[in-house]
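1. Next input, structure requested:
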Amino acid sequence: MTLQAISKGFEYYKKFGLNFTIQIIPLILLFGLLASFVSLPSPLLGLEGISNFDISLLVINNYLISPLLTIIAIFIANDLIENINRDVLVYYAISWKFLLKVLILSLVSTFCIGFGLLLLVIPGLLIAGLLIFVNYFAILEDKTVMDSLNLSWKKSQLNFFQCVLMTGFVWFITILSMTIFSAISGSYELDQTSRTYTIISSSLLIYIQVCLISFPMLVFYKNQSLNEIKDSI
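-> Coordinates of the predicted model:
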């Protein structure tokens, strides 16, 4: 089931990827641009070396741009798959309605998964598997925060092992991408060239994550719903 969803997701990306990218690219580039202006201090300094301006940019990117990207990307990918034609400006207009819900769900998920990761990683992966559908319920079915959490928990339990596998796949691709870009960036000095690289790498990293939630994971979510319908017939 997981491999089928991944394969089908990439098939959809091959078919709709260009159209999807054109519609989502403004926010992707904005995310990369803002990320390039953040000057993170040495890990030894903690937060002491970070300015209020850097903190503001991080807050904007993580708590405004990133949730908006999630919402818009899922809507665009879903409409492309379902052959629903809407003007791109519609997605940017309606996304604000879901922003607070997705932000709260993101914070709750991050806290729960982070707590699980502190318990030797595996519990964090299991919790992430249980919360894998929260955004899809909140965005595509306009459920409340509590309903999204509850429905994701119940739906993921029906195919728990498959949900954990899908989560593991997304984590693997994300961590692999971050590792590759971090290794490349190690050869750059802090000059204008590195800023250009930061824009490109940050944009590509968030784009990869957006594509994962918009195609393989979206197909996985849809397949769960179809299976429930078949079981009820």
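2. going forward, measure contacts between C-alpha atoms and count neighbours the same way
-> Fine.
3. Report the separation between Leu218 and Trp96.
-> According to CA to CA, to the nearest Å, Leu218 and Trp96 sit 20 Å apart.
4. Also Ile84?
-> Counting by CA to CA, the gap from Ile84 to Trp96 is 20 Å.
5. Just want to know which of Leu218 and Trp96 has more residues nearby.
-> Neighbour count, other CA atoms under 10 Å: between Leu218 and Trp96, Leu218 has more, with 21 against 15.
6. Just the element for that one, please.
-> Counting by DSSP states H and E, the element that carries Leu218 is helix 216-232.
7. Then Tyr92?
-> helix 88-94.
8. Counting by contacts, list what the helix or strand just after that helix packs against.
-> Per DSSP H and E, the first helix or strand lying C-terminal to helix 88-94 is helix 96-118. Applying 3 or more CA pairs under 8 Å, 6 or more residues apart in numbering; DSSP states H and E, one finds that helix 96-118 contacts helix 66-81, helix 122-130, helix 134-140, helix 145-158.
9. Recalculate using a threshold of 7 Å.
-> When contacts are defined as 3 or more CA pairs under 7 Å, 6 or more residues apart in numbering; DSSP states H and E, helix 96-118 sits against helix 66-81, helix 122-130.
10. Mind listing what's buried along the first one?
-> I take that to be helix 66-81. Neighbour-count burial for helix 66-81 flags 66-78, 80-81 (criterion: 16 or more other CA atoms under 10 Å).
11. what do you get for stretch 114-126?
-> Within stretch 114-126, the residues scored as buried using 16+ other CA under 10 Å are 114, 116-117, 123-126.
12. Leu126 and Val164 touch, don't they?
-> Yes. Using CA atoms under 7 Å, Leu126 is in contact with Val164, at 6.1 Å.
13. Excluding residues flanking it in the chain, which one is nearest Phe98?
-> Distances taken as CA to CA, 6 or more residues apart in numbering place Ile139 nearest to Phe98, at 6.6 Å, with adjacent residues excluded.
14. can you count the residues close to the one you found?
-> When neighbours are counted by other CA under 10 Å, Ile139 registers 22.
15. Distance check, it against Leu100.
-> According to CA to CA, Ile139 stands 11 Å off from Leu100.
16. Nearest to Ser202 among the helices and strands packed on helix 96-118 would be which one?
-> Comparison of the helices and strands packed on helix 96-118 against Ser202 by CA to CA identifies helix 66-81 as nearest, at 11.8 Å.
17. what bits of this structure have low per-residue confidence?
-> Along the chain, the parts satisfying pLDDT under 70 run over 39-50, 185-193, 225-233.
18. Recalculate using a threshold of 50.
-> Scanning the chain for pLDDT under 50 picks out 42-46, 190, 192, 228-233.
19. need the longest helix for it.
-> The longest helix of the chain (DSSP state H) is helix 2-36.
20. how far off helix 66-81 does the next helix or strand after that helix point, in degrees?
-> Using DSSP H and E, the next helix or strand after helix 2-36 towards the C-terminus is helix 52-60. Orientation of helix 52-60 against helix 66-81 (axes from the mean of the first three to the mean of the last three CA atoms, to 10 degrees) gives an angle of 30 degrees.
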